[in-house]
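Just the structure for this:
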Amino acid sequence: MGWSGKKNGELLQLMTGQFDIFITIDNNMQHQHNLADKPIAFIVLTAHNNKLETLKPLMPKVAETLQTIQPGHLVEIT
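Numbering: from 1, shown residues only. The predicted model follows:
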């Protein structure tokens, strides 16, 4: 989509109306932005790095969370 290098604030603006859920490893997102008024749900993956082999075990919890998460809500998955 040509969004490479965009910061979270810009990404939030760009995704509004295009996506329903934002999955990130940025643990500070909820402290940097007012997420409650966004029409997007947020999933924060908490891990010691962002390598596929580290994040892959979190995917079952992500799939489960996708079934119930609501816009404006943030769920942390560890």
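
Phi first, then psi, for Leu66.
Here is the backbone geometry of Leu66 (degrees, to the nearest 10): phi -60, psi -20.

and Lys61, that one's in a helix?
Yes: the assignment for Lys61 is a helix, going by DSSP: H, G, I helix; E, B strand; the rest coil.

Apart from its chain neighbours, what residue comes closest to it?
For Lys61, the nearest residue in space outside its immediate sequence neighbours is Ile77; the separation is 4.7 Å by CB to CB, 6 or more residues apart in numbering. All C-beta spots, glycine's among them, are computed from the backbone N, C-alpha and C.

And for that neighbour, the neighbour number?
Burial of Ile77, expressed as a neighbour count using other CB atoms under 10 Å, amounts to 17.

Quick one, grab the pLDDT at it.
Predicted confidence (pLDDT) for Ile77: 97.

With Phe22 instead?
Looking at Phe22, its pLDDT reads 90.

and it, what is it in contact with?
Neighbour list for Phe22: 11-12, 15, 40-43 [criterion: CB atoms under 8 Å, 6 or more residues apart in numbering].

out of the residues you listed, which are inside strands?
Residues from the contacts of Phe22 lying in strands, with DSSP state E as the criterion: 41-43.

chain center to the lowest-mean-pLDDT helix or strand in the chain: distance?
Comparing every helix and strand of the chain by mean pLDDT, DSSP states H and E singles out helix 29-32 as the least confident one, with a mean of 76. The chain centre lies 11 Å from the centre of helix 29-32; the measure is CA atoms, centre = their mean, to the nearest Å.
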